[in-house]
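J.: Below: sequence and its predicted model.
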Amino acid sequence: MLSGEEAAAGAQVAPIRIVIADDHAVVRSGLRLLLEAESDFEVVAEAGDVDAARRYVRGHHPAVLVLDLNMPGGSSLDAIPLIRTEALDTQIVVLTMQEEPAFARQALGAGAAGYVLKEAADSELVEAVRRAAAGETYLNPTLGARIAREPPPGPPDDLSAREVEVLRLIALGHTNAEIAQKLYLSVRTVETHRSHIQQKLRVSSRAELVSYALQRGLVG
């Protein structure tokens, strides 16, 4: 028979496990202090570059990765969909100095669950981590207001609504087969749409398609 204290201990919720990724050790130390001041947070690893972040996420299976956008070892934006694929249960909160709405749209469009500015980390990061761990999204309020004021882009360059959908999924890193599955199309139909998109936009590579989609705000 369990005592009252033992039963209470067994009923405690497991801590929210967190990996911090930032290339400055001083920043990582400050973030660790901030996060571990919360009784239900546990920082399980610190990474100084993108490769280490991916490795620690695979090894520790955290609930949340706090990810700086500007680190050595590759693009953090490009790494977001890779990490989400490699660790389905890990949510990503971007912590950055980048105040441009385009970066927030790109990060959230790539699969991040939160976007926090470093200047507001003291007041926003804890909430963003909690929301991400709960499967919710957090966006810095100032950026959210700026994005809301921007006029929504219309269908660009004579692309059909379906072609815009396909282009957006290409920009998010999906293969033709994955796009076909998501849109309930055949792979051949997706290939045809992709060919028509490239002809209309006068581009020939996936990199050019991604660049175009980001410039036109189709990702986010």
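T.: On my side now, so go ahead.

J.: Near the residue nearest to R206 when sequence neighbours are not counted, how many other residues are there?
T.: Leaving aside its chain neighbours, R206 sits nearest to I170 (6.6 Å; criterion: CB to CB, 6 or more residues apart in numbering). The way it works is simple: take the backbone N, C-alpha and C, and place the C-beta from them, glycine included. Residues within reach of I170, counting by other CB atoms under 10 Å, total 24.

J.: for I170, helix, strand, or coil?
T.: Under DSSP: H, G, I helix; E, B strand; the rest coil, the three-state class of I170 is helix.

J.: Quick check: what element follows the lowest-mean-pLDDT helix or strand in the chain along the chain?
T.: Using mean pLDDT, DSSP states H and E, helix 4-11 stands out as the lowest-scoring helix or strand of the chain, at a mean of 50. From helix 4-11 onward toward the C-terminus, using DSSP states H and E, the following helix or strand is strand 16-21.

J.: What segments of this protein are helices?
T.: Secondary structure of the chain, counting by DSSP state H: helices at 4-11, 25-36, 50-60, 76-86, 101-110, 121-133, 141-149, 161-171, 176-183, 187-201, 206-215.

J.: so the last one versus helix 101-110, what angle?
T.: It refers to helix 206-215. 120 degrees (axes from the mean of the first three to the mean of the last three CA atoms, to 10 degrees).

J.: So that it lines up with my notes, have the first residue be 58 from now on.
T.: Renumbered: residue one is now 58, and that last one reads helix 263-272.

J.: Excluding its own residues, what touches helix 263-272? List them.
T.: For helix 263-272, the external contacting residues (CB atoms under 8 Å, 6 or more residues apart in numbering) are A159, Q163, L224, R225, I227, A228, I254, Q255, L258, V260, V276.

J.: Now these in a markdown table, please, with extra columns for pLDDT and distance to V107.
T.: Putting the contacts of helix 263-272 into a markdown table (pLDDT from 0 to 100; distance: CB to CB, whole Å) gives the following:
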| residue | pLDDT | distance to V107 |
| --- | --- | --- |
| A159 | 78 | 20 |
| Q163 | 81 | 16 |
| L224 | 91 | 26 |
| R225 | 87 | 24 |
| I227 | 91 | 22 |
| A228 | 87 | 20 |
| I254 | 92 | 29 |
| Q255 | 91 | 29 |
| L258 | 88 | 29 |
| V260 | 88 | 27 |
| V276 | 70 | 19 |
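
J.: where in the chain is pLDDT low?
T.: The model of the chain has pLDDT under 70 over residues 58-69, 207-213, 277.
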